[in-house]
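Participant: take a look and give me a structure for this.
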Amino acid sequence: MKKNSTKGFFFKSYEAPFETPFEKLFKIFKELITHTSGDFDEAIDWLRQLDVEYKLTDSNYTIDDFIEDLKKKGYIKEEVDGSGNSGTKITAKTERAIRQQALDQIFGNLKQSKTGSHNTKSSGKGDEQTGEFREYRFGDGLDNISITESLRNAQINNGLEEFKLTENDLIVEESKFKAQMSTVLMIDISHSMILYGEDRITPAKKVAMALAELITTRYPKDTIDILVFGNDAWSIKIKDLPYLQVGPYHTNTVAGLQLAMDMLRRKRNTNKQIFMITDGKPSCVREKNGDYYMNSNGLDPYITEQCYNQAAQARKLHIPITTFMIANDPYLQQFVNHFTEANQGKAFYTGLKGLGEMIFEDFETNRKKKIN
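Facilitator: Next up, the predicted model:
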């Protein structure tokens, strides 16, 4: 006689996944190297201080052992600069690992999906089947005709005894176009990004690294360009993100927008967008003669009007701008409202918490619709 087995839930204390000493330290190291803008020596100094306070290592595996493993695994290397001074630098392998960790931290709940599967609402002669059917129309490709559904339709319409297949029997499977997106991410590196005891540039870097990693790995047909703006604006490569630092700059939003639109004009994708992360008001423009006009006191109409003009120009080019304002000053919100109205884009007034999730959600939303 068989005994009846009971089914149910078994509860036990949480057990963290096993990690080697190197893996535990490497997670912390990647976080520190981001905060130190790629300065290996400073990151290791911080790691040693944390080790003293929190006992991260023991006699079996020390910080020196960790550094040696970093070398063996190809995460760091010795370099000599132009002055003949040697130093330890992180490698491209570490840069990729930092981007992946940023992606895991910010977009950790992403579900795996087929590369390039970004649908628009436009149906017709697309490149991805939807599973929906309709009657044949002149101009439909033969490769879109569903043979099974068409034969079934012919049997219903004409019977089996005198079977024939006519144009009226043909059934086409609907398809949708895969959208491709060109994104420019603008990052404010003016001095205010580290003022008032708050580090705003590190979260901005993390968002940029995570978005870059997301697009290059999950949406390889898309493009992402990254630019920074202070007194001027210039583009940076993805590999340069961990080393990004704030400078003694004002905020030339106009220069950033002009460069972003220049970048997007050269893209062939129909869908284009600009994300702008900033914490302050526009306070600088460059005149035609090369001089800088700067005013940090309040909102200068001469500067803001040029910002509004750029927003309107982007609208004419069908380029929406989404502004992530890391500030809550009422007068700055008023500026962003006018700016957003001129572009017909979107604006989010946010702190640093949740910034990455907001940008991701907006990115995904924009990808699912055709911008025209």
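Participant: give me the pLDDT for residue 328.
Facilitator: Looking at residue 328, its pLDDT stands at 72.
Participant: which SS state does it fall under?
Facilitator: Secondary structure, DSSP: H, G, I helix; E, B strand; the rest coil: residue 328 is coil.
Participant: ok, for it, nearest residue in space, not its chain neighbours?
Facilitator: Nearest residue to residue 328, sequence neighbours excluded (C-beta to C-beta, 6 or more residues apart in numbering): residue 349, at 6.0 Å. Every residue, glycine included, has its C-beta placed from N, CA and C.
Participant: chain neighbours aside, what residue packs nearest to residue 151?
Facilitator: Here the residue nearest residue 151, using C-beta to C-beta, 6+ apart, is residue 165, at 7.1 Å.
Participant: ok, residue 235 next?
Facilitator: residue 227 (4.7 Å).
Participant: what helix or strand is residue 234 on?
Facilitator: Take DSSP states H and E as the rule and residue 234 turns out to sit in strand 233-236.
Participant: pLDDT of stretch 340-354, averaged?
Facilitator: Rounded mean pLDDT across stretch 340-354 is 85.
Participant: how far is that stretch from where the chain is centred?
Facilitator: Taking C-alpha atoms, centre = their mean, to the nearest Å, one finds stretch 340-354 lying 16 Å from the centre of the chain it belongs to.
Participant: quick one: buried residues of that stretch?
Facilitator: By 16 or more other C-beta atoms under 10 Å, the buried positions in stretch 340-354 come out as 340, 342-343, 345-348, 350, 352.
Participant: what does that stretch rub up against?
Facilitator: Stretch 340-354 has contacts (C-beta atoms under 8 Å, 6 or more residues apart in numbering) with 198, 200, 203, 308-309, 311-312, 314-315, 320-328, 333, 336-337, 339, 358, 362.
Participant: one more time with 7 Å, if that's ok
Facilitator: Contacts with stretch 340-354, where a contact means C-beta atoms under 7 Å, 6 or more residues apart in numbering, come from 200, 203, 308, 311-312, 314-315, 320-326, 328, 333, 336, 358, 362.
Participant: OK, contacts around the most centrally placed residue in the chain?
Facilitator: Nearest residue to the geometric centre of the chain (C-alpha atoms, centre = their mean): residue 211, 1.9 Å. For residue 211, the contacting residues are 185, 224, 359, 363, by C-beta under 7 Å, 6+ apart.
Participant: which one of those is nearest residue 93?
Facilitator: Closest approach between these and residue 93, by C-beta to C-beta: residue 224, at 20.8 Å.
Participant: tell me the SS of that closest one?
Facilitator: Looking at residue 224 with three-state DSSP, the answer is strand.
Participant: oh, and call the first residue 203 from now on, that's how I've got it
Facilitator: With the count now opening at 203, the last piece we talked about shows up as residue 426.
Participant: count of neighbours near it?
Facilitator: Per other C-beta atoms under 10 Å, the neighbour tally for residue 426 reads 20.
Participant: just residue 437 next, same as before
Facilitator: Around residue 437 there are 14 other residues, counting by other C-beta under 10 Å.
Participant: surely it meets residue 430?
Facilitator: No: contact between residue 437 and residue 430 fails when scored by C-beta atoms under 7 Å: they sit 8.2 Å apart.
Participant: what number of residues lie near the residue lying closest to residue 338 once chain neighbours are set aside?
Facilitator: Counting by C-beta to C-beta, 6+ apart, residue 338 lies nearest to residue 372, which is 3.5 Å off, once chain neighbours are set aside. Using other C-beta under 10 Å, residue 372 has 20 neighbouring residues.
Participant: can you give me the strands in the stretch 453-574 of the chain?
Facilitator: With DSSP state E, counting those that start in this stretch as the criterion, the stretch 453-574 of the chain has strands at 473-480, 486-488, 494-496, 523-527, 548-551.
Participant: for residue 247, which of those strands is the nearest?
Facilitator: Nearest to residue 247, of all the strands of the stretch 453-574 of the chain, is strand 473-480, at 28.9 Å by C-beta to C-beta.
Participant: restricting to C-alpha, output the lengthiest helix in the chain in CSV.
Facilitator: Ranked by residue count and defined by DSSP state H, the top helix of the chain is helix 403-420. What follows is helix 403-420, C-alpha atoms only, in CSV (Å, rounded to 0.1, in the frame of the first residue of the first chain):
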residue,chain,number,x,y,z
ILE,A,403,27.4,63.0,-11.9
THR,A,404,27.9,59.4,-10.7
PRO,A,405,24.2,58.4,-11.0
ALA,A,406,24.1,60.2,-14.4
LYS,A,407,27.2,58.1,-15.5
LYS,A,408,25.5,54.9,-14.3
VAL,A,409,22.4,55.7,-16.3
ALA,A,410,24.4,56.4,-19.4
MET,A,411,26.5,53.2,-19.0
ALA,A,412,23.4,51.1,-18.4
LEU,A,413,21.5,52.6,-21.4
ALA,A,414,24.5,52.1,-23.6
GLU,A,415,24.9,48.5,-22.6
LEU,A,416,21.2,47.9,-23.0
ILE,A,417,21.1,49.3,-26.6
THR,A,418,24.4,47.7,-27.8
THR,A,419,23.5,44.2,-26.4
ARG,A,420,19.7,44.0,-26.7
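Participant: having no further points to raise, I will conclude here.
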